[in-house]
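Sequence first, then the predicted structure, then my questions.
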Amino acid sequence: MVGQQQVVDAAAAARVPVPPAKPLLRTIGGNLMETFFPDDPFRAVGREGGGRRGRQAVAALRYVFPFLEWLTSYSFAALWADVVAGVTVASLAVPQGISYAKLADLPPIMGLYSSFVPALVYAAMGSSRELAVGTMAVGSLLFAAMLGREAPPGEKPELYAALAFTATFFAGVFQAGLGVLRLGFVVDLLSHAAIVGFMGGAATVVCLQQLKGMLGLRHFTTSTDVVAVVRSVVTQSHQWRWQSVVLGSGILVFLLIARYISKRKPEWFLLSAAAPLASVIAGSVLVYLIHGENHGIQVIGYLKKGINPPSAGDLLLSSPHTMVALKTGIITGIIGLAEGIAVGRSFAMLRNYNVDGNKEMIAFGLMNIAGSCTSCYLTAGPFSRSAVNYNAGCKTPMSNAVMAVAVMLTLLFLTPLFHYTPLVVLSAIIISAMLGVIDYQAVGRLWKVDKIDFCVCVGAYLGVVFGSIEIGLAIAVGISIVRILLFVARPKTMVLGKMPNSTNFRRMDQYTMAQAVPGLLVVRIDSPIYFTNAGYLRERIMRWINYEEDRIKAESLESLKCVVLDMGAVASIDTSGTKMLEDLKKNLDRSSIQIALANPGSEIMRKLDKSNVLGLIGDEWIFLTVGEACDYAQQNCKTGIGMDVVECAVDPENMV
């Protein structure tokens, strides 16, 4: 009797306690905090405790307006660095803004407008020090592709411009709404592999679209797929202009050489940053001197002076075309967020600080809302400008304000100088920028590391190139969601074995020296147990049991007496999961096999207790570690297989 009592006491000592119940509202509040506030944004305010209302108010203002964080310690040295960086970025922003506006089939002056007001808003609200805001090539192409079908720019330019402003407004509202509601995880549905493939496909399509300017064609397909573009180029071969081809090729070679040199020698980054503006100046002077307009070289033409005129009255918020603008705004808003936040976080890692994704969403949303009311179209944080900003040594978002001032001066005084800028030069600038977006090295890493991610990347790329931007985006998001569902619905399970001369248990398929414990089967579940995977896990565990029984029979080993489930990686469980454990217990009872749980978390224990599954399994069969579970099972199941024997070993009332 003494020995039997010691067994019971040992079982009680190894029992994993059920945590005390929490109030319902506290539980719901904790779950909501983890879902929407994982970064604990209120900690800065909470640190100013002790009744210091004034300090708490200042801390709250610093959180809402990020510029207050760096403005209090701003120095002349930082200002000088931001001025240099801002002027350097402006030299790229001016030709790039004009180029991307043409890509969006909008008046070129809107590209300059879009680098003025939004940049000022981001300087006050942005949390990234290196991000330089402005128009983006993919968004520009999407505007032309999606809005152009509703209102062809050549036929209805005023309606098309109004739709562009409206789509920008909806993009801003959507972005700011995501930030305010703390729904930043929505953007995470676009995996890195999907973004690489999508951006690569979009860059390819943008480059192909620039063949219109490079070849001097006046009419071109509005479709974005490669088949339509190639067909349009081939069928108009008799209209190619050799003057445009020569000038465009020369400018493109110059831009690529400048970028190559800057990559090889980072201290020469100014060469790459100033190359687009130098190309515009050289091309304009050349066309003016040789009267290029008379030789088939198309130019920008007249650009009116003055800063952004208001456009709030042009927003089509109740129009038959509103739904098209809403769809365009949401899609381009997601793309802008994905690119901008990824770029901001990448540079933040290099300087060892964090970028708040929700703050960035609010900043992007506000600058697009403000932009839609001031004749701007969609702006984000393109990589090319941000890389120049970083290499130029920017210290704070003030560099965006400096860039905005430089663009303002250009709008007020310098726009007539762009009259003779050749369109072919703008096409070469876009092609040069887009070639840098295609990340061949990332594709190679995906192939080496994860073949499924490689397929996601290729699928997104082919969807964009042979379908459309929308199809490619849908494929990218769809494949990413399917993969998430597969991870949840088909979680990993594996059999563990005991390492020699150790109490550790490891995967037997990975560690060949790991050995099965006679009479026991140890299975680890590497996922929360939800309704989506409960049925699969039950069938998978039963299949592991069948495999083990076949092995035992083939090798004439000791019969299977107990199945130990390692629950260490099971972060949560729902009612379908508890029902699965209950059904599994009943199935194993019919086969006279005991079940034991090892290392279940507090939430698991609470739900097992409330669902009575804990009483069905027996709390003496819940253990802290797999080793304790196996030791206890070997001691109490060694006399036979039958459940009567197991119950007798652990139930004091049946002990004789």
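Happy to help now that I have it. Numbers count the residues shown, from 1 in each chain.

Every contact and neighbour count from this point should use C-alpha atoms.
OK.

Going by neighbour count, list what's buried in stretch 547-554.
For stretch 547-554, a neighbour-count test (16 or more other Cα atoms under 10 Å) marks 548-549, 552 as buried.

who touches that stretch?
In this structure, residues lying in contact with stretch 547-554 by Cα atoms under 8 Å, 6 or more residues apart in numbering are 521, 558-560.

Using a markdown table, please lay out the residues you listed together with pLDDT.
Formatted as a markdown table, these follow (pLDDT from 0 to 100):
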| residue | pLDDT |
| --- | --- |
| 521 | 91 |
| 558 | 82 |
| 559 | 87 |
| 560 | 89 |
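
Buried among those residues? Need that as a selection in ChimeraX.
Applying 16+ other Cα under 10 Å to the contacts of stretch 547-554, the buried members can be selected in ChimeraX as follows:
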select :521,559,560
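
Among the contacts of stretch 547-554, which lie within strands?
Under the assignment DSSP state E, these contribute residue 521 to strands.

Return the member of the contacts of stretch 547-554 nearest to residue 390.
residue 521 (56.0 Å; Cα to Cα).

what are the phi and psi angles of the residue lying closest to the closest one once chain neighbours are set aside?
Taking Cα to Cα, 6 or more residues apart in numbering as the measure, residue 521 lies nearest to residue 563, with 4.8 Å between them; neighbours along the chain are not counted. Dihedral angles of residue 563 (phi, psi; degrees, to the nearest 10) stand at phi -110, psi 120.

remind me which residues of this structure are low pLDDT?
Along the chain, the model assigns pLDDT under 70 to residues 1-15, 17, 19-56, 59-60, 184-189, 222, 638-656.

which stretches of it form strands?
Listed in chain order, the strands found in the chain under DSSP E are 493-498, 505-507, 520-525, 562-566, 594-598, 622-623.

Convert the C-alpha atoms of stretch 453-463 to CSV, please.
Taking only C-alpha atoms (Å, rounded to 0.1, in the frame of the first residue of the first chain), the coordinates of stretch 453-463 have been written out as CSV:
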residue,chain,number,x,y,z
ASP,A,453,7.4,30.4,-52.1
PHE,A,454,9.2,30.3,-55.5
CYS,A,455,5.9,29.0,-57.1
VAL,A,456,4.0,31.8,-55.4
CYS,A,457,6.5,34.3,-56.8
VAL,A,458,6.3,32.9,-60.3
GLY,A,459,2.5,32.6,-60.2
ALA,A,460,2.2,36.3,-59.3
TYR,A,461,4.7,37.3,-62.0
LEU,A,462,3.0,35.3,-64.7
GLY,A,463,-0.4,36.6,-63.7
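
Compile the buried residues of stretch 547-554 into JSON lines and extend it with columns for distance to residue 368.
As requested, the buried residues of stretch 547-554 are arranged in JSON lines below (distance: Cα to Cα, whole Å):
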{"residue": "548", "distance to residue 368": "61"}
{"residue": "549", "distance to residue 368": "64"}
{"residue": "552", "distance to residue 368": "67"}
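
Return the residues in contact with residue 433.
If a contact means Cα under 8 Å, 6+ apart, then residue 433 has residue 384 as its contacts.

Let me fix that, I meant to ask about residue 300.
When the contact criterion is Cα under 8 Å, 6+ apart, the partners of residue 300 are 108, 418-423.

Domain-wise, how is the protein divided?
Segmentation of the chain into domains, based on automatic domain parsing, reads 76-485, 491-636.

Chain neighbours aside, what residue packs nearest to residue 443?
Nearest residue to residue 443, sequence neighbours excluded (Cα to Cα, 6+ apart): residue 454, at 6.8 Å.

what about the one you found, how many neighbours?
Residue 454 sits with 22 neighbouring residues when counted by other Cα atoms under 10 Å.

could you pull out the helices for the stretch 101-250 of the chain?
Across the stretch 101-250 of the chain, reading from the start of the chain, the helices by DSSP state H, counting those that start in this stretch fall at 109-113, 117-125, 137-142, 148-150, 157-180, 192-209, 211-214, 226-235, 242-264.
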